[in-house]
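A.B. asks: Please work out how this folds:
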Amino acid sequence: MRDAGKARAIGVNHVALEVGDIEEALAFYGRLFAFELRGKSEDMAFIDLGDQFLALQKGRRQPPDDGRHFGLVVDDKDAVRKALAEAEVETLPGRFLDFRDPWGNRIEIVGYDGIQFSKAPNVLRGMGLTHLSKSAKAIMELSEKGMAPD
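C.D. replies: Next up is the predicted model:
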């Protein structure tokens, strides 16, 4: 819905997750994903996602997430499924690849190829991910919006 008098939401810069301990969180997520740190302090760590980031913040006090979650886009969903199994992290029932971290944050793993979300070619290049492509369904969905990749 467009309204000339309102700002338009155009993306997500970052997601912040509250965790119990920064070092434990980095170790946990390091067992599941290859990542680079954008920055770190005693109470925060920032996992680089190219032109976005995931902030880990010390201080989780609420109960585990139920339906509330965020979708983390990955280049290889099967590799995450394998890493979860190897780390003995329980996946949640349902048709998606969801799990909770040790602090109760619910994460849905989404493969880059099957969704409309797209990184700009220069960002993919900078991340060393120029080999990634979209499925025919994702390209069709993007085409319907006039956003198909060149």
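A.B. asks: Do a quick rundown of the strands in this protein.
C.D. replies: 14-19, 37-40, 44-48, 53-58, 70-74, 97-100, 106-111 (DSSP state E).
A.B. asks: other SSEs contacting the second one?
C.D. replies: Using 3 or more C-beta pairs under 8 Å, 6 or more residues apart in numbering; DSSP states H and E as the contact definition, the elements that strand 37-40 packs against are helix 22-32, strand 44-48. Heads up, the C-betas are built off the backbone N, CA and C, glycines and all.
A.B. asks: Report the inter-axis angle for the longest one versus strand 44-48.
C.D. replies: This means helix 22-32. On the basis of axes from the mean of the first three to the mean of the last three C-alpha atoms, to 10 degrees, helix 22-32 is oriented at 20 degrees to strand 44-48.
A.B. asks: Just give me how far helix 22-32 sits from the chain centre.
C.D. replies: With C-alpha atoms, centre = their mean, to the nearest Å as the basis, helix 22-32 stands 15 Å off its chain's centre.
A.B. asks: quick one on the thing from earlier: now for the strands of the chain, which one comes closest to R81?
C.D. replies: strand 97-100 (6.1 Å; C-beta to C-beta).
A.B. asks: would you list the strands of the chain in JSON lines and tack on mean neighbour count, distance to D150 and mean pLDDT?
C.D. replies: Output for those, formatted as JSON lines (neighbours: other C-beta atoms under 10 Å; distance: least, C-beta to C-beta, whole Å; pLDDT from 0 to 100):
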{"stretch": "strand 14-19", "mean neighbour count": "17", "distance to D150": "28", "mean pLDDT": "96"}
{"stretch": "strand 37-40", "mean neighbour count": "13", "distance to D150": "29", "mean pLDDT": "96"}
{"stretch": "strand 44-48", "mean neighbour count": "19", "distance to D150": "26", "mean pLDDT": "97"}
{"stretch": "strand 53-58", "mean neighbour count": "19", "distance to D150": "27", "mean pLDDT": "97"}
{"stretch": "strand 70-74", "mean neighbour count": "16", "distance to D150": "20", "mean pLDDT": "95"}
{"stretch": "strand 97-100", "mean neighbour count": "18", "distance to D150": "30", "mean pLDDT": "97"}
{"stretch": "strand 106-111", "mean neighbour count": "19", "distance to D150": "21", "mean pLDDT": "96"}
